[in-house]
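Undergrad: make a model of this:
(chains A and B)
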Amino acid sequence: QKEVEQNSGPLSVPEGAIASLNCTYSDRGSQSFFWYRQYSGKSPELIMSIYSNGDKEDGRFTAQLNKASQYVSLLIRDSQPSDSATYLCAVKRGGADGLTFGKGTHLIIQP
Amino acid sequence: EPEVTQTPSHQVTQMGQEVILRCVPISNHLYFYWYRQILGQKVEFLVSFYNNEISEKSEIFDDQFSVERPDGSNFTLKIRSTKLEDSAMYFCASSPGGGNYEQYFGPGTRLTVT
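TA: Model prediction:
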């Protein structure tokens, strides 16, 4: 059974601070890792993908992957109120395999 | 910027009726997916489609479900005889392939079964 675990939150962070979101996964065959943002009533929006151990930065976002620990994280620097949303961690094996999602972490950025 | 589109945005149907949900994936993408999200729950994978056939399907995707790519642009999900528990948001997604596994989601179809 493939599982992706996330703390459901809410995680409350002051505006301008760093938000740190974490995720663990059970399937050691997972090869690709993604962070999506989902606003209430909307579809998941891709933020970051990461395939190799280490850090990957894109603007205010940094994804971190540790395959040995089966752990993925997302850092959001200079958090803005518009970053308030549910953040979904998703993993997959290769090729045409579907994504396995976590339940998401609800992030609130306090102005 | 290209995007996945889905129609209708909201579908209301009676239990036992057939519904077809439609999607137009991003042009030139090779992999197509359907997911569902029951209200308040996580996004769940249903099926993936590549090279005109199903590549992978989940336990949810039973004989009541089918997918088709009837032409070069549309990708459909059919539910043969809807149940109350099929009420959910259904998302279509597509992925470029060629080593790029990023999946881009459409806006979804809200299915309400009464």
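
Undergrad: okay, and the beta partners of A:L88?
TA: Taking DSSP bridges as the rule, A:L88 bridges to A:Y36.

Undergrad: and it, how far from A:G104?
TA: From A:L88 over to A:G104 the distance is 5 Å, taken as Cβ to Cβ, to the nearest Å. All C-beta spots, glycine's among them, are computed from the backbone N, C-alpha and C.

Undergrad: find the residues that touch each one of these two.
TA: With contacts taken as Cβ atoms under 8 Å, 6 or more residues apart in numbering or on different chains, A:L88 and A:G104 have A:Q6, A:Q38, B:K42 as neighbours in common.

Undergrad: so the second one makes contact with A:P44?
TA: Yes - taking Cβ atoms under 8 Å as the contact criterion, A:Q38 and A:P44 are neighbours in contact, 4.9 Å apart.

Undergrad: which of the two has more residues huddled nearby?
TA: More crowded of A:Q38 and A:P44, by other Cβ atoms under 10 Å in any protein chain shown: A:P44, with 27 against 19.

Undergrad: residues touching that one, list them.
TA: A:P44 neighbours (Cβ under 8 Å, 6+ apart): A:Y36, A:R37, A:Q38, A:L88, A:A90, A:F101, B:V43, B:F91, B:F105.

Undergrad: give me the distance between the third one and chain B.
TA: With distances defined as Cβ to the nearest Cβ, to the nearest Å, the gap from A:Q38 to chain B amounts to 8 Å.

Undergrad: so what's that residue up against?
TA: By Cβ under 8 Å, 6+ apart, A:Q38 lies in contact with A:P44, A:E45, A:A85, A:T86, A:Y87, A:L88, A:G104.

Undergrad: chain A contacts on chain B?
TA: Chain B comes close to chain A at residues B:31, B:33, B:35, B:41-50, B:55-56, B:58, B:89, B:91, B:101-108, as judged by Cβ under 8 Å from any Cβ of the partner chain.

Undergrad: which SS class is the residue nearest to B:Y33 when sequence neighbours are not counted?
TA: Spatial nearest neighbour of B:Y33, chain neighbours left out: B:A93 (4.3 Å); criterion: Cβ to Cβ, 6 or more residues apart in numbering or on different chains. Using DSSP: H, G, I helix; E, B strand; the rest coil, the secondary structure recorded for B:A93 is strand.

Undergrad: specify the beta-bridge partners of A:S73.
TA: On the basis of DSSP bridges, A:S73 is bridged to A:N22, A:Q64.

Undergrad: for A:T105, list each beta-bridge partner.
TA: According to DSSP bridges, beta-bridge pairing links A:T105 with A:Y87.

Undergrad: what's the neighbour count on it?
TA: 22.

Undergrad: quick check: chain neighbours aside, which residue is closest to the residue nearest the centre of chain B?
TA: Chain B has B:W34 as the residue nearest its centroid, 3.1 Å off, counting by Cα atoms, centre = their mean. Excluding the flanking residues, the one nearest B:W34 by Cβ to Cβ, 6+ apart is B:L46, at 4.3 Å.
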